[in-house]
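Asker: Fold the following.
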Amino acid sequence: MFTFYQLSSPSVPVFKNYKRSCICVVLVSILAGCTSSSLFSAVDKTIISSEVITYYDYNLQSPSGQDINLKDFIADIHDADVVLVGEWHTHAGIHRFQTELLQAMIAANGNVTLSMEQFTRDKQAIVNAYLAGEIGEGTLIKQANTWPNYTSDYRPLVELAKRNNIDIIAANAPKNIIRCIGTKGISYVEKLPADERTWLAANINTQDSPYKTHFMASMHHGDESQNEYKFASQVTWDETMAESIVNYLADNANKPLLGSKNKQVLHIAGKFHTENGLGTAASILARAPELNVVIITPVDVNRLMTTTETSSSDYRLQVITPPKQFVKEANMMASFKGLSKRNDKLTCIE
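Answerer: Below is the predicted model of the structure:
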């Protein structure tokens, strides 16, 4: 379900961004002559920022498309219970933003908890041990099965949490179980031993929903039954992350720090899990509709947004989009074939 992008030279996007003012003038002139066209009605020409010129840069915007700095954003989310930040995995600008956001939230409200897709429930004790200084980073990396990009992308978040003595929720479901669901279907969870079953959400909804429609529309290979299994594995991630957050807030609702504000959870996950109020966001609200959930979704700074996108209630994190992974279809199919071999050594309960 995850795509790990490898960043390459930003020379082309930088050139596009550097020339944005001229391009926008030309574009507006062209569109002014065809106001009745569908293109004119489908885009919002006011969303482009001049601040994003490298992969390390970002620009935060409100849902209405207005630039907003971190100080004002923190004020906006004063009453938020959960802040979901979607990401393109390995994107330097997004990971920089996540760390700066956590730092700002801690400064404004010490009663903050970090929740991460990148750690699984069965590794919570190991994460706790690291935060307590009982084990070193090498042990954390090995025993918690951290992602390959942990030291470059997630170390800053974890170390910031550790230095400020805030909790980290190991929110996700174990990958081996998720893969078995992806090959066997949602009924696989019934075969799990009692202790392993607790590593997944108690309730996993695989029924038709806007999220399922969105997911199925993104599937460009595999038959219907295979995609049903894939959705089951995908939504198990979302349901488990959502339940982890909701349960944590319920367990800690009556434990405010002296002089602090209400508990807030900052959750980090892939953008597909969080964007447009679907996935994890919808799963959180299904369990606790009283919670105030704020969503931040990365968008391509060099692309005009459609009317549908601009109508979203998500805050927008403008960044340079990751490079296209494949130009030739043959190379893409070869990559898919390699991914399919990941399950060759997978052992599932029969």
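Asker: From one end of stretch 215-233 to the other, what's the distance?
Answerer: Its start and end residues considered, stretch 215-233 measures 11 Å (CA to CA, to the nearest Å).
Asker: Can you tell me what sits against that stretch?
Answerer: 1, 178-179, 181-186, 204, 206, 212, 234-235, 272, 336 (CB atoms under 8 Å, 6 or more residues apart in numbering). Yep, even glycine has a C-beta here, placed from its N, CA and C like the rest.
Asker: repeat for stretch 181-195
Answerer: Outside stretch 181-195, the residues that touch it by CB under 8 Å, 6+ apart are 177, 180, 197, 200, 204, 206, 228-230, 232-233, 236, 343, 346, 348-349.
Asker: mind checking the end-to-end distance for stretch 218-231?
Answerer: End-to-end distance (CA to CA), stretch 218-231: 11 Å.
Asker: Name the residues of it that are buried.
Answerer: Asn227, Tyr229, Lys230, Phe231 (16 or more other CB atoms under 10 Å).
Asker: Could you pull out the strands in the stretch 101-250 of the chain for me?
Answerer: 112-120, 168-172 (DSSP state E, counting those that start in this stretch).
Asker: From the chain's centroid, how far away is the first one?
Answerer: Just to be clear, that refers to strand 112-120. How far strand 112-120 lies from its chain's middle: 11 Å, per CA atoms, centre = their mean, to the nearest Å.
Asker: Can you list the strands that it pairs with?
Answerer: If you go by DSSP bridges, strand 112-120 pairs up with strand 168-172 (parallel), strand 264-270 (parallel).
Asker: picking that back up, now, the contacts of stretch 181-195 that are in helices?
Answerer: Counted as lying in helices by DSSP state H, out of these, are Ile177, Cys180, Arg197, Glu228, Tyr229, Lys230, Ala232, Ser233, Thr236.
Asker: ok, of the contacts of stretch 215-233, which come out buried?
Answerer: 178-179, 181-182, 184-186, 204, 206, 212, 234-235, 272.
Asker: Out of those, flag the one nearest to Lys162.
Answerer: Ile178 (27.2 Å; CB to CB).
Asker: so where's the stretch 201-350 of the chain shaky on pLDDT?
Answerer: Along the stretch 201-350 of the chain, segments meeting pLDDT under 70 span 222, 254-261, 308, 338-344.
Asker: Now do the helices in it.
Answerer: Secondary structure of the stretch 201-350 of the chain, counting by DSSP state H, counting those that start in this stretch: helices at 210-218, 224-252, 271-274, 280-287, 307-310, 329-340.
Asker: Figure out which of those helices is closest to Glu100.
Answerer: Nearest to Glu100, of all these, is helix 271-274, at 18.0 Å by CB to CB.
Asker: List the contacts of Leu102.
Answerer: Val112, Leu114, Leu157, Leu160, Ala161, Leu266.
Asker: actually Gln118, sorry about that
Answerer: Thr146, Trp147, Tyr150, Tyr154, Asn172, Ile268.
Asker: These into a markdown table, with extra columns for distance to Leu60?
Answerer: Compiled in a markdown table, the contacts of Gln118 are given as follows (distance: CB to CB, whole Å):
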| residue | distance to Leu60 |
| --- | --- |
| Thr146 | 27 |
| Trp147 | 25 |
| Tyr150 | 25 |
| Tyr154 | 20 |
| Asn172 | 26 |
| Ile268 | 16 |
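Asker: quick check, nearest of these to Ala288?
Answerer: The closest of those to Ala288 turns out to be Asn172 (CB to CB; 18.8 Å).
Asker: how close does that closest one sit to Gln234?
Answerer: Asn172 sits 12 Å away from Gln234, going by CB to CB, to the nearest Å.
Asker: ditto for Thr198
Answerer: Counting by CB to CB - Thr198 and Gln234 are separated by 20 Å.
Asker: got it, and Asp223?
Answerer: 17 Å.
Asker: What of Thr347?
Answerer: For Thr347 relative to Gln234 (CB to CB), the value is 21 Å.
Asker: follow-up on the earlier one: and the contacts of stretch 215-233, which is closest to Val319?
Answerer: Closest approach to Val319 among these (CB to CB): Phe272, at 15.9 Å.
Asker: Would you confirm that that closest one contacts Gly279?
Answerer: Yes - with contact defined as CB atoms under 8 Å, Phe272 counts as touching Gly279 (6.7 Å).
Asker: before we move on, back to that, ranking the helices of the stretch 201-350 of the chain by burial, who's on top?
Answerer: When the helices of the stretch 201-350 of the chain are scored by mean count of other CB atoms under 10 Å, the highest mean neighbour count falls to helix 271-274 (a mean of 25).
Asker: Quick one: list the elements packing against that helix.
Answerer: strand 82-87, helix 224-252, helix 280-287, strand 293-300 (3 or more CB pairs under 8 Å, 6 or more residues apart in numbering; DSSP states H and E).
Asker: In JSON lines: these, plus distance to Gly65.
Answerer: As requested, the helices and strands packed on helix 271-274 are exported to JSON lines (distance: least, CB to CB, whole Å):
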{"stretch": "strand 82-87", "distance to Gly65": "18"}
{"stretch": "helix 224-252", "distance to Gly65": "27"}
{"stretch": "helix 280-287", "distance to Gly65": "20"}
{"stretch": "strand 293-300", "distance to Gly65": "10"}
